[in-house]
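>>> Generate a structure from the sequence data that follows.
(one chain, ligands or ions: 1)
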Amino acid sequence: MVSEYVGEHETRDINDQVDRILRDLGNPEPPLSLAQVRELLRLDLKYYSSTDPGHLQEIKHRLVMAGKQIIARPGLVLDVIKKANLSALWVPDTKRILIDSDVPKPKHRWIEGHEISHGVIPWHEEFLFGDNRNTLSPACDAIIEAEANYGAGRLLFIGGRFGSEARDTALSFDSIRGLAKQYGNTITSTLWRIVEEREPERAVFGMISAHPRHPEIGKGEDGDICYFIRSQRFRDQFSNVRPEEVYALIDKHASCRKSGPVVDAQDALVDADGETYEFRIESFSNSYALLTYGVCSDKAPLVCTI
Ligand SMILES: [Zn+2]
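Modelled structure (predicted):
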């Protein structure tokens, strides 16, 4: 899944909404307390279990009570939850976030941030969102979902604070792990934010994928590549580079280590103008997925072939 582009106006509006929340909370230090955000916004959080039919009946009841959009078709909502493998729902009428308790706990924080964003982004108001476990929602418009993910990132990484702090440290998996701990977020979401926010004017990519030597690690339902993340400069300059091309580089340099550092390499990518640039590429396996970033270091020296 390639991360979608969030428009300039939308970015500004979302930043304003998130900054207002942070201001109302007294500009808190990381990690952000989502319980405090819920209290401020008067949001309600409930868990359900998609594997327990009893709980689904309870949700059905709640949803009948909750949303006028779905009163007429409560059965349909249950179908959607079961078939689309939903991990969360935002119910606007009651300002309620529903999270599937079967989703691994470390993912709850991001999901909650994502659903809160649906709740505070004004033009998302009329939607009832069901968010899919793997993609955070193919059923919904991809741009709307990208906006909710962007909002989640801005919220959980305390507005503009993360970007400036990340710029003060060298890009490495050590710094990503340190920032993940400091902000109380996963290494995956921290990698995502660091690729997009640390140096937007430098070509940087990130990838969450399968481990080429151990495909049982990180292989998603859609194949080897789960997410392809790009800085603004990478989007502009390397718009021709497909995720498969980046995965091929990872495959080329991957060691057999199951966990820890897997790739530490220099390799080249060709930009949209046909120029070749060097990238420093590092991958790290956390045993659930392979996390990779690549930073453009310089134009590759011309190789004389005569
Ligand atoms: Zn969503």
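>>> Count the neighbours of residue 116 for me.
26 (other CB atoms under 10 Å). In this view, the C-beta of every residue, glycine as well, is placed from N, C-alpha and C.
>>> The helix or strand harbouring it packs against which elements?
Assigned by DSSP states H and E, residue 116 belongs to helix 108-120. Identification of packing neighbours for helix 108-120 by 3 or more CB pairs under 8 Å, 6 or more residues apart in numbering; DSSP states H and E yields helix 8-24, helix 34-41, strand 86-91, strand 96-100, strand 129-132, helix 142-156.
>>> my read: residue 288 touches residue 217, true?
Yes: judged on CB atoms under 8 Å, residue 288 makes contact with residue 217 at a distance of 6.9 Å.
>>> pLDDT at the nearest residue to residue 238 once chain neighbours are set aside, what is it?
Distances taken as CB to CB, 6 or more residues apart in numbering place residue 271 nearest to residue 238, at 5.2 Å, with adjacent residues excluded. Predicted confidence (pLDDT) at residue 271: the value is 96.
>>> how much space between residue 271 and residue 236?
9 Å (CB to CB, to the nearest Å).
>>> From the neighbour counts alone, determine which of the two ranks first.
Between residue 271 and residue 236, counting by other CB under 10 Å, residue 271 is the more crowded of the two (18 against 14).
>>> okay but that one is in contact with residue 240, surely?
Yes: contact criterion CB under 8 Å: residue 271 and residue 240 qualify, at 7.1 Å.
>>> related to what we said a few turns ago, check whether the helix holding residue 116 contacts the ion.
No: on the criterion CB under 5 Å from the ion, helix 108-120 is out of touch with the ion, staying 5.5 Å away.
>>> Name the residues that touch that helix?
14, 17-18, 21, 34, 37-38, 41, 43, 45, 87-90, 92, 95, 97, 99, 103, 124, 127, 129, 131, 136, 147-153, 155-156, 184-186, 189 (CB atoms under 8 Å, 6 or more residues apart in numbering).
>>> beta partners for the residue in the stretch 201-306 of the chain that the ion sits nearest to?
Closest to the ion within the stretch 201-306 of the chain is residue 227: 15.1 Å, counting by CB to the ion. Note on residue 227: beta-bridge partners residue 208, judged by DSSP bridges.
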